[in-house]
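Novice: Sequence first, predicted model second:
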Amino acid sequence: DAMIRFLLAAAFATLAASASAQQATPPAAPATPIAPATCEKPGDHPGRLATDTMRRSWTRNANAYLDCLKKYIGEQQSAYNSYVDKAKPHLDAANGAIEEYNKAVAAFKAAAEN
């Protein structure tokens, strides 16, 4: 039992030293808050009794608003994906270390029990 604790303590110390030595600089987060979309909403629908010109104008404004939102969404998704792409190697490295850690603990435990 004391041997298992010793081996586990040694494993933790080794992993902690290894992890701090291998830390890479994570991708930088935006320095300022992300501004919300500044798309201009159309006013209230003019209704069925409005002139064709008023309804067409409202439809143009509504479509411009929706197009503006789609553009903003695309820009934000693209920015997000660039952070994900930069962070993926860190996640892969962490998952590899977790797998190695779990195997080492199992091996240390098995060795100490024999």
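Specialist: Cool, got the structure. Numbers count the residues shown, from 1 in each chain.
Novice: For the rest of this, base every contact and every neighbour count on C-alpha atoms.
Specialist: Noted.
Novice: list the helices and strands the top helix by length along the chain packs on?
Specialist: When the chain is parsed with DSSP state H, its longest helix is helix 52-113. Counting contacts by 3 or more C-alpha pairs under 8 Å, 6 or more residues apart in numbering; DSSP states H and E, helix 52-113 is packed against helix 2-22.
Novice: Could I get the average pLDDT for the helix it packs on?
Specialist: Averaged across helix 2-22, the pLDDT comes to 58.
Novice: Residue 39 is in what secondary structure piece?
Specialist: Counting by DSSP states H and E, no helix or strand carries residue 39.
Novice: mind checking how far it is from residue 55?
Specialist: Distance, residue 39 to residue 55, by C-alpha to C-alpha, to the nearest Å: 20 Å.
Novice: wait, what's in contact with residue 97?
Specialist: Contacts for residue 97 (C-alpha atoms under 8 Å, 6 or more residues apart in numbering) come out as none.
Novice: And it, how close does it get to residue 111?
Specialist: If you measure residue 97 against residue 111 using C-alpha to C-alpha, the figure is 21 Å.
Novice: now residue 56
Specialist: Using C-alpha to C-alpha, which is the criterion applied here, residue 56 is 79 Å from residue 111.
Novice: same thing with residue 78?
Specialist: 49 Å.
Novice: Quick check, pLDDT for the residue nearest the centre of the chain.
Specialist: The geometric centre of the chain, computed from its C-alpha atoms, lies nearest to residue 84 (C-alpha atoms, centre = their mean), at 5.4 Å. Note for residue 84: predicted pLDDT of 92.
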